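Trainee: Need coordinates for the following:
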Amino acid sequence: MIEFEYLDKRVRRTKLDFYNAFIELLKQKKYEQITIKDIISLAGYSRGSFYNHYREKDDLLNEIIDSLFHEASRAQRAPYINEDSIDVLSLENEAIFILRHFKEYGNYYQTLLGENIRIDFRGQLSNQVVAIFLEDFDMEDTTEGNNLDKDLLNKYYGYGLIGVILDWVIADFPSETEDFSKELGKIFKYSHGTTRIKNKRRLH
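Mentor: Here you go, the predicted structure:
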């Protein structure tokens, strides 16, 4: 995960062990029932080790979610990070980057989308994806006289994209990543025209 790139190898391993222990516990019991003692016991660390990194379990949860969001944002932007625009009709397999991310962290996403946690993780993630669409894209309206609301159009695409992806995740990846990516490319081709990339300096 993105924060790990700048951490000492030992700290990186410790955090990952806490992440995995927490996710495993969340599969078994409600978030409210999980204690710090449960986490350190399963992870194999002392209470002091936990408090070196987190004040409470909420901090651990928030760090996991923030890490996932950072990685998802980077994967979402990967196909166009060096582009000035996207020709929608030429899309083929660009969704592969974001889909690989969800597949790699499928265990995390499936657990956080489950019933043992009260936060609206699906809503948070959907809003994250849509925010990137609104920040990065400027749709060109090629139909005369329509005067489309571009923000609304981006929201339509953003929520639609993350909706079908999350259905794929929750269903435990019923189709192969490559095949699903190509299907998404076909769906986006129903749009016409070009999408300009804006705020390019923010993508890096």
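
Trainee: if I look at the residue nearest to the spatial centre of the chain, how far off is L112?
Mentor: The chain has A72 as the residue nearest its centroid, 3.5 Å off, counting by C-alpha atoms, centre = their mean. Going from A72 to L112 by C-beta to C-beta, to the nearest Å gives 12 Å. (C-beta placed from N, C-alpha, C; glycine too.)

Trainee: Check I162 too.
Mentor: For I162 relative to L112 (C-beta to C-beta), the value is 14 Å.

Trainee: I'd assumed I36 was in contact with K57.
Mentor: Yes - contact status for K57 versus I36: in contact at 6.0 Å, counting by C-beta atoms under 8 Å.

Trainee: between those two, which one's more packed in?
Mentor: Ranked by neighbour count (other C-beta atoms under 10 Å), K57 and I36 place K57 first, with 19 against 14.

Trainee: Return the per-residue confidence for the more buried one.
Mentor: What the model reports as pLDDT for K57 is 96.

Trainee: now swap in N93 and tell me
Mentor: Value for N93, per-residue pLDDT: 73.

Trainee: what about stretch 30-49, how long is it end to end?
Mentor: 24 Å (C-alpha to C-alpha, to the nearest Å).

Trainee: ok, and for it, which residues are buried?
Mentor: By 16 or more other C-beta atoms under 10 Å, the buried positions in stretch 30-49 come out as I34, D38, I39, I40, L42, A43, Y45.

Trainee: so can I have TSV of the residues you listed showing pLDDT?
Mentor: Formatted as TSV, the buried residues of stretch 30-49 follow (pLDDT from 0 to 100):
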residue	pLDDT
I34	97
D38	98
I39	98
I40	97
L42	97
A43	97
Y45	96
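
Trainee: Do a quick rundown of the strands in the chain.
Mentor: Using DSSP state E, the strands found in the chain span residues 85-87, 137-139, 194-197.

Trainee: what about dumping the CA coordinates of stretch 51-67 to PDB?
Mentor: C-alpha atoms of stretch 51-67 as PDB (Å, rounded to 0.1, in the frame of the first residue of the first chain):
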ATOM      1  CA  TYR A  51       0.400   2.000  20.500                       C
ATOM      2  CA  ASN A  52       3.600   2.900  18.800                       C
ATOM      3  CA  HIS A  53       1.500   3.300  15.600                       C
ATOM      4  CA  TYR A  54      -2.100   3.800  16.700                       C
ATOM      5  CA  ARG A  55      -4.000   5.300  19.600                       C
ATOM      6  CA  GLU A  56      -7.100   3.100  19.100                       C
ATOM      7  CA  LYS A  57      -8.500   0.600  16.600                       C
ATOM      8  CA  ASP A  58     -10.400   3.500  14.800                       C
ATOM      9  CA  ASP A  59      -6.900   4.800  13.700                       C
ATOM     10  CA  LEU A  60      -6.000   1.400  12.300                       C
ATOM     11  CA  LEU A  61      -9.300   1.200  10.400                       C
ATOM     12  CA  ASN A  62      -9.000   4.700   9.000                       C
ATOM     13  CA  GLU A  63      -5.400   4.100   7.900                       C
ATOM     14  CA  ILE A  64      -6.400   0.900   6.000                       C
ATOM     15  CA  ILE A  65      -9.200   2.800   4.300                       C
ATOM     16  CA  ASP A  66      -7.000   5.800   3.400                       C
ATOM     17  CA  SER A  67      -4.400   3.400   2.000                       C
END
